[in-house]
Each structure stands twice: as structure tokens, then as C-alpha cells.
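In: Turn this into a model:
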Amino acid sequence: MNPSLITAINAPVPPSPQSPLLCHFLTPLPLRLSKSPSPSRRRYRVSFPRCAATSSEQPLVSAQAKKSNVHGNKKELTGLQPIVEKMTPPVRLATSAVVLAATLASGYGLGLRLAGSRNVALGAAAAAGAAGAAAVYALNSAVPEVAAIGLHNYVAEIEDPGSVTKDDIEKIASRYGVSKGDEAFQAEICDIYCRYVTSVLPAEGQSLKGDEVEKIVKFKSALGIDDPDAASMHMEIGRRIFRQRLETGEREGDAEQRRAFMRLVYVSALVFGDAASFLLPWKRVLKVTDAQVEIAIRENAKQLYAERLKLVGRDINVENLVDLRKAQLSFKLSDELAEDLFREHTRTVAIENISSALSVLKSRTRAVKSMALVVEELEKVLEFNNLLVSLKSHSEADQFARGLGPISLIGGDSDFERRMDDLKLLYRAYVTDALSSGRIEENKLVAMSQLRNILGLGTREAEAISVDVTSKAYRKRLANAVTSGDLEAQDSKAKYLQKLCEELHFDAQKASAIHEEIYRQKLQQYVTDGELSDDNVAALLRLRVMLCIPQQTIEAAHAEICGSIFEKVVREAISSGVDGYDAETRKSVRKAAHGLRLSRETAMSIASKAARRVFTNYIRRARAAENRTESAKELKKMIAFNTLVVTEMVADIKGESSDKEPEEPVQVKAEDGEDEEWGSLESLKKTRPDKELSEKMGKPGQTEITLKDDLPDRDRIDLYKTYLLYCVTGEVTRIPFGAQITTKRDDSEYLLLNQLGGILGLTSKEIVNIHVGLAEQAFRQQAEVILADGQLTKARVEQLDELQKQVGLPQPQAEKVIKNITTTKMANAIETAVNQGRLNIKQIRELKEANVSLDSMIAVSLREKLFKKTVNDIFSSGTGEFDETEVYETIPSDLSIDVEKAKSVVHDLARSRLSNSLIQSVALLRQRNRKGVVSSLNDLLACDKAVPAEPLSWEVAEELSDLYDIYSKSDPKPAPEKVSRLQYLLGIDDSTATALREMEDGVFSSAAEEGNFVF
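Out: Numbers count the residues shown, from 1 in each chain. Next comes the predicted model:
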């Protein structure tokens, strides 16, 4: 027991047995209350004895025993309480007056009798009156306690404490003449309320039922207890639960106490509504955060709403939805959570039928009736889904529970997301049942779409199942139509098939694919013996007409099925090799080619593919050969294989006789103009053998199967060129000591070369270009040796003519090669001369007059360098002349350079040479070189003509005067305009210039007389 309990006003009553529900919170002792000093609001501290008993140690009691023990047993009256209890308020008042009057009278009489004095009698009366007043006070002071005990006993006697009304409380208070605000009476009311709340809250291991708030609010209203007082009782219950949790040593007990506290928080929040936030200071008193309070409200609201949803089945109606909405609002559950719970409930209801259907579907004793049960369960799900969808579109849907809408098994706590294969089986069963009659109705299509959404199947998955089932139904109906003759009797078989597809809602393209598959199966069945008989062809034609199969599809099927058989025969024939292609092999090829009824194009395509594969192997070995001779041998084997095997096989496929005169092979001929030009090429002539050589070599090879599309152009040309060089050079045999022997071949090798060109798919123009290129290459190699120095003499011309005749290169082509060689040599020489400065503009003009293309021989940078050198020579010539037309137009034109760029080069040189010429003139003046001074001054004037300059400055003015004097008196006499321009550039005024010109002796003679040159 808790030792901190304070003493009760009344004597304790003997304890009575308690129920497990009240063990933790209730006590047989009355509550000990202390009044708060605040006059406006009373607060009470309620202390409960601790009970160490656990729920597992308490015996099970019935609900009736719990109700009878909510407020404990009746309390007994002690002392004056029985007397007060029997008095009504008027009687009590009268009794109090009588007692007070009697004590006064008896005291006055007794004092008067004993003392005989009036004063003593009055004193005795006062003393007796005080004793009477004390008795009256003791009597009246016991009234509140008696009223409280009466209220307790009244409530304890009632079987259902919740049936107490406000009138009952007021009657008890008026009976004893006390006010409901009296401390003892109010304390008893709080105690009754606390016990009732504790009894209403579910016991350990139980959940809220949903009527707790309504009961507590009703009982609180009946007691007339204020919200602050009621809230203090809720807080006290919370403290008790909190202490119990701290004292619990087991994890399970701690969790149960936590859940009990969360239930208390939730119920308290609903009881007090919006005022709960300040009436219930959980955070301040018990250190409970707002988030924990929100969690308690949310989780208990979800639990209550889920319990309420369990009462609703698949026969849900408008009234149920309205009640659920009201319950949601009363439980303070958010719309999002309510929507999730409602969807989870509808999902659970649907899962019951889905699970039943799966159990039937997977049972080993499955029969036709079982499939009907599966469909029946699925129809229930669809009906429930349609009901929810219709209610969602109801005009008063805003007043319904949240979450109305189609059902989906995906999401929630179900494991159907991992059992998608089972859901596919259900969907397949429903589609199969929908098509069981051989047609499908519109309502079934809608139901299939809804079932797909309910089961959470993807569009492709559901479509694949539907197509598979519908395909089987279509095949079945098609087989019945063919067997019964209905399809063959139709005038328009396409319309009949189209109607069949429409009845099954089957795609026409997929139906065409089925038709093609049926035709292929029949064709595969007929060609098992390697050929098609006339009866087989007629049966296939009849099937094709009935199924309306296009000709293109028929050809593709024959090409694939019959072609695979023919390809096998061709491979065996080709693999027999050159020696194994005998009469028996030819017979099998003919039988396969004509017995399988393949078109010539198809048969040739198959044979070409196999033959080209062998050709490619020969080409691969030829490329991997060590030298040209070995490579040519592999190519010769390929030519022999083409002649002896491929050519015969082509004739067998075409149905031609081997004794028939073969067609003339495609000769390598050029066009008329080219034939005249290149007819002199010896190697090209030999590829066109005469009649005698052709008869000796035998029948030529075929040219229909080529490697034109299998090899790049460059590879085909290289292979042809390799064999051509082999024909030209012969077979080279290496012998010891590094020597080699070359064996020349006859012209028959060139005939094989012609056949090789056909196998490689080379055109006449390409073959001619190869021969011409090889001839040019040979002529160029030897001509470069002859013209090593670039000089073309008469003897060398004769050598080149003889070489041209040997090679067979036409004269224009030979001259072009010779010119190219000489031009290249000359270009190198000219470029070297330009770099060494041995070539001037005059020589350039002579070369251009000789029709030498300088633009192609000399680079632009070298021509610009030559132009700069020419201009520099003009500025240093000492003549003083500058021809703008010559420099700005003629020379750039001769060198083929940009005019504007040339002007820029001239201006830059003129500016730099102007100051240099003045410095050079002064230097020559000091050296007494009169002629050099005149030449430098002329260069200065030439630069000034190119870029007019301002007067020049010099530190020693006398030297400028001497320069002017020497230039003006030079011989021959310079032009007046040059003298005038020099005077301006040197900054000499007219008087000084006149005085200098009038001097008889020059500068150098005066200095000689003095014997000293003045610097």
C-alpha cells in the first residue's frame, strides 16, 4: 500500500474484494481530497493504494461482477452520522433550534436554582448554550459527509452506474440540504467519476469498443462535474498508469501499460474536444510530447474505425457509408487514413472471394463444376466492385465514408503482389469462361477490364492472356467451320472470317498470323519426303483460298520451309567438292530444285548464299597466304570450284543440260572510245582469248553468283590485281642461297583472270582501270629512273618510247606521266632556287612565258617571300625610282599573290627602310663616300614615294646640310623635284638651301684644306 495516503474524514470501512479491472486504480477507502486555495477553480489530489497484483494473478470475473464492484461496497455510518442521515433539513433545523433553546433554558434554570442569582443564571445559560451550539455545529458539520456517503451508497447500489442522472444527484443533495459545490460532496463526485472512467476504459489485453467516450460524457453530464475537475481525474489516472509502467519489470507488462496510457489519452481527447489541449497538460506533467499524443489519437482512431468497418460487408449501402463518415469524424480520424482503411477493408472483402476461387482452382479434384465456382466467386468480386463504383458517383457522395472507388489487390498488407502467377490463372479462367460459348459479349469485355484492374495485371500481361485464350477459341471455331464445310461454301470467305473475328473480338492481324501458322504446318507436313506432289499443291491452294492468305505470305513460307530443305541439299552438294559433284549429286539437286516448287529466283538465292560462303573461305585463305604465288594458287582453286561445281549447280537449278552449248561469257570489253584508247594494253588483250584458246580451256564459269555485295570494292580490286601480277610476272620459286626461279605462264592464265573478274563481280570499267593503273605504275617506275635529274634529252625520249611500246601504254597517257615527272622535278628545283635567293622576278616571267605553272610548283609563302625580296631590291637600288603600277599590280599578278597583302608588305618595308637610309647616308658622309651618299639618299626618296613621310630629325643639323649639298651638286645632276623633296625631308629652309647651292667648293674640298674633317 502507498504510505503517503492522508487520513480520511470518515473512519475507514473494511476492504472488500476488488475486480481485476479496478485493481490498479481503485481502493475501498474514500478519496482523500484537499481543496485548492483558488476560489474560482477547485483542484483535487487523488491518491490510490498500489496493488502489486498482476493481471495474470487475478481470477476471471463476469461482466456483472465488474459492474457491481465499480464503486465498491456501501459505506457504513458512524457517530452522529446515523442520526443526521435520518433527519430531513427542516427537522434538523428544528432540532438544532430546540437543542439550542433547551440548553439555554436548562443552563439558566440550573444557575438560578443553584446560585439564586440572576447573573449566575445568565452565565450558566451562556455556558449551556455554548455546549448546545457545539452539539448543533457537530450535527450540521456531519451533514456533507453523510451526503457524500449517501451519494456513494446510492451509486454503489445501482447495477449500471451509467444510469445515474443529474436529477438523482440533485435529489440526494436536496435531501441532505447540501450544495453540489460542497467540498466533501464534490470530492465524492470526482471519486465516482474517476472510478467510472477507470471501469469504462478497457482492461489489459482488450481494445476500445467505441462507446467509451459517449458513456463518459453522459456520466460526466449526469454528475454535473466541471471540465477542469474531470480533467484532473483523467490526469490522475494517467499518473497512475505512468507509475505502473515505471514499476513494471517485464517487457510485455510495459507494452501493455503503454497501450493503456495511449487509450486514456485518446479517450480524454475526445471527451474534452478542443479544450483538451489546455485541460490535459500531458507534456508538462508526464513529459509526453505532442507527437506521442498525436500518435495515440491516430492509432486508436484507426483501431476504432477498423472495428467499425468490420461490421460492413459486401452488401454496403448508403446508410452504412453515412454512419461510417460520422464515426470517422467522431473518432477524429483524418480523411487520408480513413480512405486507406476503407480501401484495405474492401480489399480484404475481395480477397476472401479471390482466395476461395484460388483454392478451388488449385484443387486436385477440379472439374467443370469447380470452374463454375471459380467464376461465381469472381462475379461476386465484380459485383462488389461495381457497387463501390456506383456509390462513388452518388449525388450525396460527399457525405459518405472516404475511400469509395474500384478495388485493387495491389498494395496493402496482402501478398498477392508476390503471387501474380495465381492472379493470372484466375484471369485466364474468367476469360476462358467468357469465351466458352464461342463468342464474347460486350458486358464480358467490360467485366474483363474491371477484373484486370482489380487483380492488378498490366495491360500487356492481360492482353497476352486474352490473346492466348481467344486464339484457342478462334482455332476451335475455324476448325469446326473447315470440317463442316461452312467456310468453303461461303461466297466471301473474307467476310466470314471477319465476322468470326468480330464475334470473338479478335484482332484480324493475329487471325492472319494463325492462318499463316496453319498453312506452314500443312506445308511442313507435305514436304517431309523432300518434294511436293500435285495433290499436295492442290490441297495447299484450297487451304490458301479458304484462309485468304496473301501470295506474298505464301512465297515467304515456301522460301523458308522448302528453302531450308533445298539449302540442305545444296550444302551437301557443295561440300562434296570438285571431285564429288557427280551424277547422283546433280540428280538430288535437280529433284530438290523442281520438286519443292521453288521459284528460280528463290533457288538461285539459296544456292548463291551457299556458294558465296565457300568463295569467302577461299578468299580468306588467299589473303592469309605468305606470298603472291600462294595467294594466286588459292584464287585458282576458287576459279576451278566455280567452273566445276557452281556452274554445274546453276545449270541444274535452271534445268539446263550440261551438253548444251553454254552462253558466251561476259567478255571484259570497254566502251568503243575506251577500246580504241586502251586496246594497246598487252595484259588487257590477253584477257580476250581467241576461239582456239577458248576451246582448249573448255566451258567458261558462271557469272550470276558473285562476291560483289560481300567484299568491299578495295578488296575485290586488290585480289584481281594480285592475280594479274601473278599472270604478268609468272610463278616465282625460291631456291637455296637466296636465289629464285621465275616460271612464265601461258596466256591461259589470263582467261582464268577473266573468270576471276566475273566471280569478284568487277565491271568492265573497273577491270580496265586496274590494267591501266598497273601499266601506268610500271611505266612510271622505270621513267622516274630514266628522268632522275629531270632533264629530257633525245636519247632519253627514245628510251621512253621503247618503254611505252613494251608496256602498251597509250601515247597521251605516257606523255602525261612524263610531264608529271618532269614537272615534279622542276618544281623541286624552282623551290630550291627561291629558298636560296637565286630566282628573281625576271626569271619568273621567263618561266611563265614558257607555260610553266608556277602556281602549282611554288607555294604561296615562297611567292610572298620572293615578292618581299623584289621590293627590297627596289628600295636598295640607289636610283630613287618607284613605279606604283609595277610594284602594286604587275609583280603581284606575275606571282599570283593578293594585291592588298602586297601593298601592306610594301608599306611596311618603306617605313622601316626610310629611317635606315638616312642613317646609312650619314654613315657614308662621315666616310667621305660621295657616291654612296647619293645612292642612299635616292633610296630614301624611293621609300618616300611609296609612303610619303614627314620631315626627318637628326641631332647634328650641319650633317643634314652637307647631305643636301652633296646630293644637289651630284653628277649627273638630279631632277629638281627630287632635290626639292629631299630639302623637305631633311628640314632645310630655302635660304640655307640657296646658300649651299651658291658655294663653289664642296664639303669634301673645304675639309681637305683644313686637313681635318669636321664631324
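In: State whether residue 220 and residue 193 are indeed in contact, as I suppose.
Out: Yes. With contact taken as Cβ atoms under 8 Å, residue 220 and residue 193 are classed as touching, separated by 6.4 Å. Placement of C-beta: from N, CA and C, glycine included.
In: Please enumerate the shared neighbours of those two.
Out: Taking Cβ atoms under 8 Å, 6 or more residues apart in numbering as the contact criterion, the common neighbours of residue 220 and residue 193 are residue 230.
In: show me where the stretch 551-700 of the chain has helices.
Out: 551-575, 577-580, 583-595, 600-623, 628-641, 647-654, 672-678, 682-686, 691-697 (DSSP state H, counting those that start in this stretch).
In: From the contact counts, what lies against the fourth one?
Out: Helices and strands touching helix 600-623, by 3 or more Cβ pairs under 8 Å, 6 or more residues apart in numbering; DSSP states H and E, are helix 551-575, helix 628-641, helix 647-654, helix 713-729.
In: rewinding a little: mean pLDDT lowest for which of the helices of the stretch 551-700 of the chain?
Out: When the helices of the stretch 551-700 of the chain are compared on mean pLDDT, helix 672-678 scores lowest, with a mean of 46.
In: What residues of whichever strand or helix holds residue 776 count as buried?
Out: Element membership for residue 776 (DSSP states H and E) is helix 764-786. Neighbour counts using 16 or more other Cβ atoms under 10 Å place 764, 766-772, 774-776, 778-780, 783, 786 of helix 764-786 among the buried residues.
In: now residue 503, nearest residue through space, not along the chain?
Out: Distance criterion Cβ to Cβ, 6 or more residues apart in numbering; nearest residue to residue 503, sequence neighbours excluded, is residue 439 at 4.2 Å.
In: any idea how far residue 567 is from residue 529?
Out: With distances taken as Cβ to Cβ, to the nearest Å, residue 529 is found 17 Å from residue 567.
In: which residue is nearest the centroid of this protein?
Out: residue 458 (20.1 Å; Cα atoms, centre = their mean).
In: Residue 401 belongs to a strand?
Out: No. If the criterion is DSSP: H, G, I helix; E, B strand; the rest coil, then residue 401 is coil and not within a strand.
In: got a pLDDT number for the closest residue in space to it that isn't next to it in sequence?
Out: On the basis of Cβ to Cβ, 6+ apart, the spatially nearest residue to residue 401 that is not a chain neighbour turns out to be residue 324, at 3.7 Å. According to the predicted model, the pLDDT of residue 324 comes to 90.
In: which strands and helices sit next to the helix or strand where residue 892 lies?
Out: Counting by DSSP H and E, the element that carries residue 892 is helix 891-895. In this structure, helix 891-895 packs against helix 841-849, helix 860-875, helix 899-926, with contacts taken as 3+ Cβ pairs under 8 Å, 6+ apart.
In: For the last one, what does the pLDDT average out to?
Out: Put plainly, it is helix 899-926. pLDDT averaged over helix 899-926 equals 84, rounded to a whole number.
In: How far does that helix sit from its chain's centre?
Out: Going by Cα atoms, centre = their mean, to the nearest Å, the spacing between the C-alpha centre of helix 899-926 and its chain's C-alpha centre is 71 Å.
In: could you pull out the strands for this structure?
Out: Assigned strands in the chain, in chain order: 731-734, 740-743 (criterion: DSSP state E).
In: Which of the ones you listed comes out lowest on mean pLDDT?
Out: Averaging pLDDT over each of the strands of the chain puts strand 740-743 lowest, since it has a mean of 55.
In: show me what contacts residue 524?
Out: With contacts defined as Cβ under 8 Å, 6+ apart, residue 524 is in contact with residue 561.
In: Can you give me the distance of it to residue 558?
Out: Relative to residue 558, residue 524 is positioned 11 Å away (criterion: Cβ to Cβ).
In: Also residue 861?
Out: In this structure, residue 861 and residue 558 are separated by 71 Å, where distance is defined by Cβ to Cβ.
In: Check residue 569 too.
Out: Plainly put, residue 569 is 15 Å away from residue 558 if you go by Cβ to Cβ.
In: coming back round to it: which one of residue 861 and residue 558 has more residues nearby?
Out: Neighbour totals were compared for residue 861 and residue 558, and residue 558 leads with 21 against 9 (other Cβ atoms under 10 Å).
In: List phi and psi for the residue nearest to residue 503.
Out: Geometry field for residue 439 lists phi and psi as phi -150, psi 170, criterion degrees, to the nearest 10.
In: mind checking pLDDT for it?
Out: The model reports residue 439 with a pLDDT of 86.
In: Does it touch residue 502 like I think?
Out: No. Using Cβ under 8 Å, residue 439 makes no contact with residue 502, being 9.2 Å away.
In: Looking at these two, which has the bigger crowd around it?
Out: Using other Cβ under 10 Å as the criterion, residue 439 and residue 502 rank with residue 439 on top: 15 against 11.
In: could you pull out the helices for the stretch 351-500 of the chain?
Out: With DSSP H, counting those that start in this stretch applied, the stretch 351-500 of the chain shows helices at 368-392, 420-434, 442-455, 459-484, 486-489, 493-504, listed in chain order.
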